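[1] Provided below for reference: sequence and predicted model.
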Number of protein chains: 4
Amino acid sequence: MTPYRRKVNYYETDQMRIVHHSNYIRYFEEARIDFMDKIGCNVMYMEELGLIIPNIDAYAKYLVSLKFDEEFEVRVRAKSFTGVRMEFEYQIYRTSDNTLCAEGHTGHCFVNTDHKPISIKKSHPDIYKKISDATKL
Amino acid sequence: MTPYRRKVNYYETDQMRIVHHSNYIRYFEEARIDFMDKIGCNVMYMEELGLIIPNIDAYAKYLVSLKFDEEFEVRVRAKSFTGVRMEFEYQIYRTSDNTLCAEGHTGHCFVNTDHKPISIKKSHPDIYKKISDATKL
Amino acid sequence: MTPYRRKVNYYETDQMRIVHHSNYIRYFEEARIDFMDKIGCNVMYMEELGLIIPNIDAYAKYLVSLKFDEEFEVRVRAKSFTGVRMEFEYQIYRTSDNTLCAEGHTGHCFVNTDHKPISIKKSHPDIYKKISDATKL
Amino acid sequence: MTPYRRKVNYYETDQMRIVHHSNYIRYFEEARIDFMDKIGCNVMYMEELGLIIPNIDAYAKYLVSLKFDEEFEVRVRAKSFTGVRMEFEYQIYRTSDNTLCAEGHTGHCFVNTDHKPISIKKSHPDIYKKISDATKL
């Protein structure tokens, strides 16, 4: 699968002249949504079906600071999936020299439009299968 | 009416070591929502009534840069209101020395939950009256 | 020149289920920085030379709301340039159907690392020429 | 110590109609900076001394979603401090009903203006003492 790549935006820097640490959580999200799209589970499409995937938690470890205009790549892996919960792992690399800049993980559940937790095994078997298959990669 | 005041957050700075210019548009919004609340038109309450107030436009002029940890105050004025459209004016002052740092204006319309423009004169006469009265201040 | 394109991120939406209006100011910046890079005036390189280009003002007019996951394109034009000041114009199109979603302009000056305004005609003739040439496009 | 309190801003919501999860990392920062100020270690002052405190990591666990206009309070505790590294713990409560909405922790180191790690025990004994004392609270 092609990794998610883009450049750091100016407004993502702070007065330390590096990317503000909160933005890595956003980079994880960008890459996760791209990953879901690539495995056939477009997040907007799922929300239109009434299937919403909020975060349960998020962790980021900062190793080397990304700077404005640097290109980075986010590698995503679906680590676990039960139909009720799902975990992703991430590594962010600076593409110029393949330096690992940050890594982390996020946990998610599935909720309906009333924000009630659901298991998607029976309610959405096609999506269940796609995520299951992707978790084995 | 008490003006809206708070300090600049670290994550609002950029690598120029000043507040990123896009955040002033957010400061305008914070102060506008505070203003609406103070005149009895709480924005969350209005959205629960099905009345949404999107932006038509936004303008900011940057005079003196705000920096991290500086306290600022946003003065808001409802400049015009027709029941269909509404305009606000803003000035942002650094409170330590009363320096005018930025000024601007925003235009708004009223839409229902289907994002269709509406006139609130007949649909919401109480809100119409409150905004009308505030526009004369 | 290739226009600047990308998709709307989830975190750029607000509870109206559209892109928060402040983000268009950020889209303008992303496209402006891309434009400057393409004409040979990389913004990070210029900052390393001690040449910083803050905003004097910014205006955005919102016509049609962009939504999560929609691809958009930002067309940028250098409208005026004196060596002391510079103006850009922007149009943001939804690429799926070429709908104009927003337009706007920003004004800029040039400052040194002490944030003092400078004229780049004599101080940076190469950059002056590149921006001059781009303004005639 | 008075806890850090404020309301959720409109632009902090996303299309789930809740605060976007990345913003909790920013709320932690706001409260941490407020805490440091209250113990006599103003972060802007420390940066002017050449003492910068970047994040090593950040974790947030999301329990109950905060919504637009809700007031919340962030309780911060300095959990550990060695002069080289420092850890903070956070709980975020919705103030209307004292519901725990999120909790988390962040790790930090101290660096100089060249972004080199330093121990502040000898370099900044007064700041060392203030943080040490606060960690025992």
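    The structure has been received and is ready for your questions.
[2] Strands of chain A, residue ranges please.
    A:4-7, A:55-62, A:71-81, A:85-94, A:99-109 (DSSP state E).
[3] contacts for the shortest one?
    Same thing as strand A:4-7. Identification of contacts with strand A:4-7 by Cβ atoms under 8 Å, 6 or more residues apart in numbering or on different chains yields A:30-31, A:34-35, A:69-74, A:76, A:95, C:6. Backbone N, C-alpha and C define where each C-beta goes, glycine included.
[4] for stretch A:96-107, same thing?
    By Cβ under 8 Å, 6+ apart, stretch A:96-107 touches A:24-25, A:27-29, A:32, A:55-66, A:70-72, A:79, A:85-94.
[5] again, only this time at 6 Å
    A:24, A:28, A:55-64, A:66, A:87-94 (Cβ atoms under 6 Å, 6 or more residues apart in numbering or on different chains).
[6] wait, what's in contact with A:Asn55?
    A:106, A:108, D:21, D:62.
[7] now chain A, which segments are flagged as low pLDDT?
    Along chain A, no part satisfies pLDDT under 70.
[8] Relative to its centre, which residue of it is most distant?
    The outermost residue of chain A, judged against the average C-alpha position, is A:Gln15 (26.3 Å), by Cα atoms, centre = their mean.
[9] contacting residues for the residue positioned nearest the centre of chain A?
    Centroid check for chain A by Cα atoms, centre = their mean gives A:Arg32 as the closest residue, at 2.5 Å. Listed by Cβ under 6 Å, 6+ apart, the contact set of A:Arg32 reads A:76, A:88.
[10] go with 8 Å
    Taking Cβ under 8 Å, 6+ apart as the test, what A:Arg32 contacts is A:76, A:88, A:90, A:106.
[11] Return the member of the residues you listed nearest to A:Ser132.
    Using Cβ to Cβ, A:Phe88 is the member of the contacts of A:Arg32 that lies nearest A:Ser132, at 14.4 Å.
[12] Was I right to think the closest one contacts A:Arg77?
    Yes - using Cβ atoms under 8 Å, A:Phe88 is in contact with A:Arg77, at 6.8 Å.
[13] Looking at these two, which is more packed in?
    A:Phe88 (23 against 15; other Cβ atoms under 10 Å in any protein chain shown).
[14] Okay, buried residues for stretch A:72-81 please.
    By neighbour count on 16 or more other Cβ atoms under 10 Å in any protein chain shown, the buried set for stretch A:72-81 is A:72-76, A:78, A:81.
[15] do stretch A:112-119 and chain B meet?
    No - on the criterion Cβ under 8 Å from any Cβ of the partner chain, stretch A:112-119 is out of touch with chain B, staying 14.3 Å away.
[16] what distance separates the helix ranked longest in chain A from the centre of its chain?
    In terms of residue count, the longest helix belonging to chain A (DSSP state H) is helix A:22-38. Its chain's C-alpha centre and that of helix A:22-38 lie 4 Å apart, by Cα atoms, centre = their mean, to the nearest Å.
[17] Now do it against strand A:99-109, angle only.
    Here the directions of helix A:22-38 and strand A:99-109 differ by 70 degrees (axes from the mean of the first three to the mean of the last three Cα atoms, to 10 degrees).
[18] Now do helix A:22-38 and strand A:71-81, the angle between them.
    Using the same axes, to 10 degrees: helix A:22-38 against strand A:71-81 is 70 degrees.
[19] in helix A:22-38, what counts as buried?
    Neighbour count says helix A:22-38 has A:22-36 buried, by 16+ other Cβ under 10 Å.
[20] tell me the contacts of A:Asn42?
    A:36, C:69.
[21] what do you get for the one 4 residues further on?
    The neighbours of A:Met46, taking Cβ under 8 Å, 6+ apart as the test, are A:36, A:52-53, A:127.
[22] ditto for A:Asp34
    A:4, A:76.
[23] Quick one: neighbours of A:Ile120, just the number.
    20.
[24] Quick check: A:Pro117 touching A:Phe110?
    Yes - A:Pro117 is in contact with A:Phe110 according to Cβ under 8 Å; the separation is 6.8 Å.
[25] Comparing these two, which shows the higher neighbour count?
    Taking neighbours as other Cβ under 10 Å, A:Pro117 and A:Phe110 compare with A:Phe110 leading, 23 against 11.
[26] Briefly note if stretch A:67-85 comes near chain D.
    No - Stretch A:67-85 lies out of reach of chain D by Cβ under 8 Å from any Cβ, never closer than 10.8 Å.
[27] Quick one: end-to-end distance for that stretch.
    Length of stretch A:67-85, first residue to last, Cα to Cα, to the nearest Å: 34 Å.
[28] Do that stretch and chain B come into contact?
    Yes - interface with chain B: stretch A:67-85 contributes A:Phe68 (Cβ under 8 Å from any Cβ).
[29] Just grab the bridge partners of A:Phe72 for me.
    A:Arg6, A:Arg94 (DSSP bridges).
[30] Identify the residues contacting it.
    A:Phe72 touches A:5-8, A:27, A:66, A:92-95, A:101, counting by Cβ under 8 Å, 6+ apart.
[31] repeat that for 6 Å
    Applying Cβ under 6 Å, 6+ apart, the residues contacting A:Phe72 are A:66, A:92, A:94.
[32] number of nearby residues for the last one?
    A:Arg94 sits with 19 neighbouring residues when counted by other Cβ under 10 Å.
[33] Tell me the spacing between it and A:Tyr4.
    Using Cβ to Cβ, to the nearest Å, one obtains 14 Å as the distance from A:Arg94 to A:Tyr4.
[34] Now the two most distant members of the contacts of strand A:4-7.
    Among those, A:Phe35 and A:Asp69 lie farthest apart (Cβ to Cβ), at 24.7 Å.
[35] Straight-line length of stretch A:60-67, end to end?
    17 Å.
[36] Does chain C have contacts with that stretch?
    No - applying Cβ under 6 Å from any Cβ of the partner chain, one finds stretch A:60-67 out of contact with chain C, separated by at least 7.8 Å.
[37] Name the surrounding residues that touch that stretch.
    A:8, A:18-19, A:21, A:24-25, A:72, A:99-104, D:55-58.
[38] if you set the cut-off to 8 Å instead, what comes out?
    Here stretch A:60-67 has contacts from A:8, A:13, A:16-19, A:21, A:24-25, A:28, A:72, A:92, A:94, A:99-104, C:44, D:54-59, D:115, using Cβ under 8 Å, 6+ apart.
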